[in-house]
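**Q** Predicted coordinates and the sequence they were generated for:
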Amino acid sequence: AREAGSVYVGHQMWRRLQLDAILRKAGLNERTRLLAEVMTINRLVAPSSEHAMPDWVRRTALADLLHADFSLLNDEALYRNLDRLHPQRALIEGELAAREKELFALPESIYLYDLTSTYFEGKALHNQKAKRGYSRDQRPDCKQVVVGLVLDGDGFPKAHEVFDGNRNDSTTVEDMLTALEKRVGKKAGATVTVDRGMAYDKNIEQIHSRGYHYLVAARPEERWQHAQEFGEESGWEDIVRQPSPTNPCQKKTHVSVKQCLVGEEVHVLCLSEQRKEKDRAIRELQEKRLLAELESMSRGIAKRKKKPRTEAEVNQAIGRLLERYSRIGRYYRIRYQAEPRALLWEADAELKRQAERLDGSYVLKTDRRDMTKEEIWRQYILLTRVESAFRAMKSPLMERPIFHHLAQRVEAHIFLCILAYHLLATVEKT
């Protein structure tokens with residue numbers, strides 16, 4: 001008995017997207033195209049390493065479907081196939097985006113951009129992009145790469161890039177827009193939606209200067225300029241977002257929104273009860289940790305009698321602490337007393353109360369004055385599709401663990417996951 005149903009679906013999606021013709025246009029020979037299809041369908045159906053893949057292929061009906069002999073297929077041939085795919089990634093991605101636009105009549109008026117990180121178990125000595133940085137997987141002990149992905153409003157990938165593991169989110173916007181335009185051309189008037197990590201003035205200017213509209217989530221500290229509006233009871237509109245039929249785990253969302261003009265920008269103030277609980281829990285956890293570290297630092301200062309720390313050293317340590325716990329640190333006054341040596345701190349009760357009132361709130365900013373506040377909020381929430389894409393790549397498509405050592409093999413492996421996600425998005429859309 002051999003598995004036929006799931007690989008048949010993968011094969012039909014491959015044909016529907018005309019991927020064989022796209023790979024031929026990229027200059028890849030018949031055997032390379034054949035193995036690329038096999039590797040992508042494996043990633044979609046039963047993700048495994050290149051070492052385990054040949055045995056899986058022989059347990060399926062792929063040989064019958066593709067009219068090919070895989071009896072002598074080995075992992076070395078699959079590794080070499082990754083090397084052949086690697087230089088053609090941009091061309092393949094651009095052609096695939098054009099095919100999906102034609103097939104599903106995609107409007108391409110919305111671009112959703114977000115980032116994730118992918119870590120390595122080993123030392124990754126041969127990968128120059130593997131560096132330690134902010135880990136979305138809670139693994140700061142491991143080296144990683146950062147993956148940027150742009151989707152359209154229907155959830156189809158348009159472009160992806162692999163960045164250094166220590167790359168800051170805000171520095172990737174210009175490079176990602178350049179990559180997007182190489183793949184799909186310049187779509188003046190489209191709206192680029194990004195999260196708060198890329199909501200700095202320079203990022204907004206980068207988006208605007210290329211002829212795009214922008215929709216961003218403002219950074220948390222920008223809520224304070226709307227503290228009075230958040231405290232008012234009038235002017236709010238309730239919105240309910242029903243779970244997506246393709247994502248049964250998604251919960252119903254309730255949010256209240258209010259719109260105001262700030263110069264040429266439209267600001268949409270949002271209040272969410274679900275987010276309120278999350279904000280409160282995060283703040284309380286940070287406060288608990290901050291106070292524990294202050295107690296520990298205070299004991300350390302009191303113990304060091306023979307060679308005490310200088311005032312400058314203590315102030316540096318306080319600065320690092322406030323940076324680490326920035327969400328709660330701004331509500332505390334911390335100072336070092338030289339004689340007698342002691343660390344003193346106290347909470348600003350009024351600032352703390354104001355912060356509590358802002359729990360569950362966030363602000364969206366856009367230059368689109370032709371949209372209602374509900375349309376602005378619903379378009380921003382589409383960013384969850386990028387998060388869903390990352391979850392799909394990391395879990396059912398098994399982007400990790402990555403066993404490759406070379407940078408180009410890692411990038412080709414991630415590209416294979418992107419191709420598999422194209423098939424998955426096509427299945428869901430169909």
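**A** Done, it's in.
**Q** what stretches of the chain score poorly on pLDDT?
**A** 244-250, 305-308 (pLDDT under 70).
**Q** which strands and helices sit next to the helix or strand where Glu428 lies?
**A** Per DSSP states H and E: Glu428 is located in helix 407-429. For helix 407-429, the packing partners by 3 or more Cβ pairs under 8 Å, 6 or more residues apart in numbering; DSSP states H and E come out as helix 5-16, helix 30-45, helix 75-85, helix 89-104, strand 144-152, strand 157-164, helix 384-394. Yep, even glycine has a C-beta here, placed from its N, CA and C like the rest.
**Q** the inter-axis angle of that helix versus strand 144-152?
**A** Here helix 407-429 runs at an angle of 30 degrees relative to strand 144-152 (axes from the mean of the first three to the mean of the last three Cα atoms, to 10 degrees).
**Q** mind listing what's buried in the longest helix along the chain?
**A** Assignment by DSSP state H gives helix 273-303 as the longest helix of the chain. The neighbour-count check on helix 273-303 (16 or more other Cβ atoms under 10 Å) flags 275, 279, 283, 286-287, 290, 294, 297-298, 301 as buried.
**Q** ok so, going back, angle of the helix holding Glu428 against helix 75-85?
**A** 80 degrees.
**Q** Work out the gap between helix 407-429 and the centre of the chain.
**A** For helix 407-429, the distance from its own C-alpha centre to the chain's C-alpha centre is 15 Å (Cα atoms, centre = their mean, to the nearest Å).
**Q** what's the answer for stretch 102-110, then?
**A** Distance, centroid of stretch 102-110 to centroid of chain: 22 Å (Cα atoms, centre = their mean).
**Q** Go through stretch 180-190 and flag the buried ones.
**A** By 16+ other Cβ under 10 Å, the buried positions in stretch 180-190 come out as 180, 183-184, 187, 190.
**Q** Check stretch 125-137 too.
**A** Per 16+ other Cβ under 10 Å, stretch 125-137 contains these buried residues: 127, 129-131, 133, 135-136.
**Q** Can you convert these into TSV and add a column each for secondary structure and distance to Lys365?
**A** Output for these, formatted as TSV (DSSP: H, G, I helix; E, B strand; the rest coil; distance: Cβ to Cβ, whole Å):
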residue	secondary structure	distance to Lys365
Asn127	coil	37
Lys129	coil	32
Ala130	coil	35
Lys131	strand	31
Gly133	coil	27
Ser135	coil	28
Arg136	coil	24
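**Q** Among those, pick out the one closest to Gln206, please.
**A** Checking those against Gln206 by Cβ to Cβ gives Gly133 as the nearest, at 21.3 Å.
**Q** pretty sure Phe390 is touching Gly148, no?
**A** No: judged on Cβ atoms under 8 Å, Phe390 makes no contact with Gly148 at a distance of 10.6 Å.
**Q** Give me the more crowded residue out of the two.
**A** Higher neighbour count among Phe390 and Gly148: Gly148, with 23 against 20, using other Cβ atoms under 10 Å.
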